[in-house]
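Colleague: this one's sequence-less:
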């Protein structure tokens, strides 16, 4: 019996269809979750330490001028500041009415979220600190997104904040809030780690090769898009003028305190063009071209026509590249316009 040969064109179509189905099936396979290295109980969270004022606590002499602090903005008493060495290096987590604070020395950041309670250090994932909520949910300390447990998929709300030096913040806002040091006898103090922990190294995995893993960036989220702004290459003062997620953004960088922060460049519906001004005082290193007003790192008009006005803070966090890229693999990198 003679067998008819299948036309070559039909055979090609069938082969391509089979190959396509195979590829589609492979893409449909669930991505393996990033493993967590648990170390619960390694650090004990701090809850609602009694408050005081920055100027009052400075007189005790316990906080050094160059001590790093996480400062929160846009609140009563012109915000506040927490010396990391005194209040966060030992517990890694603070649950407080002023906010929820997570310190991850490996990832090089302190994240600040809207007040909440019951969180504690849990471990590492991709070199990034993991915290556990009171219902057992596991959260990324950097992104504030729950990836396991009853709250999976939910995210904590960031509060406007920046990381800077104690002396610099005190110069800007001596009347801002601080925690009571109690003469250095009530809370365990710890020096800031100078090297990556073995646990972070063990879980880090492959790092996005676009930047050096330990390089510093400001990670910004705006309009459902993510972008990293490189900081190591910048000088004493820099300002990134950019558009992200269809919205304008201005990123301030001040080298002497290694501080980066992002704002919407709008005041009363008016778009402003910011730049780093070399001759402006350290209290207000930035100016806008439209009015000549000088602006502080806290996003406040210090002198000029817009004195007293405040810029709207943009969701952002200063951290190491490997940590930002691990939590936001879809991130873009800022590239200056030519």
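Modeller: Arrived safely. Please read all numbers here as calculations on a predicted model, not as lab measurements.
Colleague: look up phi and psi at the residue lying closest to residue 292 once chain neighbours are set aside.
Modeller: Leaving aside its chain neighbours, residue 292 sits nearest to residue 304 (5.3 Å; criterion: Cβ to Cβ, 6 or more residues apart in numbering). The way it works is simple: take the backbone N, C-alpha and C, and place the C-beta from them, glycine included. Dihedral pair for residue 304: phi 110, psi -180, per degrees, to the nearest 10.
Colleague: make sure residue 304 is actually in contact with residue 289.
Modeller: No - assessed by Cβ atoms under 8 Å, residue 304 is found out of contact with residue 289, at 11.7 Å.
Colleague: among those two, which residue is more densely surrounded?
Modeller: Of the pair residue 304 and residue 289, residue 304 is the one with more neighbours under other Cβ atoms under 10 Å, namely 15 against 9.
Colleague: residue contacts, the more buried one?
Modeller: Residues in contact with residue 304 (Cβ atoms under 8 Å, 6 or more residues apart in numbering) are 287, 291-294.
Colleague: could these be laid out in a markdown table, adding distance to residue 300 and secondary structure?
Modeller: As requested, the contacts of residue 304 are exported to a markdown table (distance: Cβ to Cβ, whole Å; DSSP: H, G, I helix; E, B strand; the rest coil):
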| residue | distance to residue 300 | secondary structure |
| --- | --- | --- |
| 287 | 13 | strand |
| 291 | 14 | coil |
| 292 | 16 | coil |
| 293 | 10 | coil |
| 294 | 10 | strand |
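Colleague: among these, name the buried ones.
Modeller: Buried residues within the contacts of residue 304, counting neighbours by 16 or more other Cβ atoms under 10 Å: 287, 291, 293-294.
Colleague: farthest pair in these?
Modeller: Farthest pair in the buried ones among the contacts of residue 304 (Cβ to Cβ) is 291 and 294. Separation: 9.9 Å.
Colleague: per-residue pLDDT, the nearest residue to residue 166 once chain neighbours are set aside?
Modeller: In this structure, residue 166 finds its nearest non-sequential neighbour in residue 67, 4.4 Å apart by Cβ to Cβ, 6+ apart. On pLDDT, residue 67 comes in at 98.
Colleague: how many residues are close by residue 67?
Modeller: Neighbourhood size, residue 67 [other Cβ under 10 Å]: 17.
Colleague: could you do residue 268 as well?
Modeller: Residues within reach of residue 268, counting by other Cβ under 10 Å, total 6.
Colleague: identify the residue nearest it in space, chain neighbours excluded?
Modeller: Nearest to residue 268 is residue 309, by Cβ to Cβ, 6+ apart, at 7.6 Å.
Colleague: same question, residue 303
Modeller: residue 294 (5.3 Å).
Colleague: what about the strands in the stretch 201-338 of the chain?
Modeller: Along the stretch 201-338 of the chain, the stretches classed as strands by DSSP state E, counting those that start in this stretch are 216-222, 225-230, 237-244, 247-254, 259-264, 266-267, 270-271, 274-276, 286-288, 294-295, 301-303, 312-313, 316-320, 332-333.
Colleague: tell me which of these lies nearest to residue 123.
Modeller: Of the strands of the stretch 201-338 of the chain, the one closest to residue 123 (Cβ to Cβ) turns out to be strand 316-320, at 18.0 Å.
Colleague: strand partners (parallel or antiparallel) of the closest one?
Modeller: Counting by DSSP bridges, the strands paired with strand 316-320 are strand 216-222 (antiparallel).
Colleague: off-centre distance for the strand it pairs with?
Modeller: Relative to its chain's centre, strand 216-222 lies at 7 Å (Cα atoms, centre = their mean, to the nearest Å).
Colleague: contacts only, for residue 319.
Modeller: Counting by Cβ under 8 Å, 6+ apart, residue 319 makes contact with 104, 107-109, 142, 216-217, 219.
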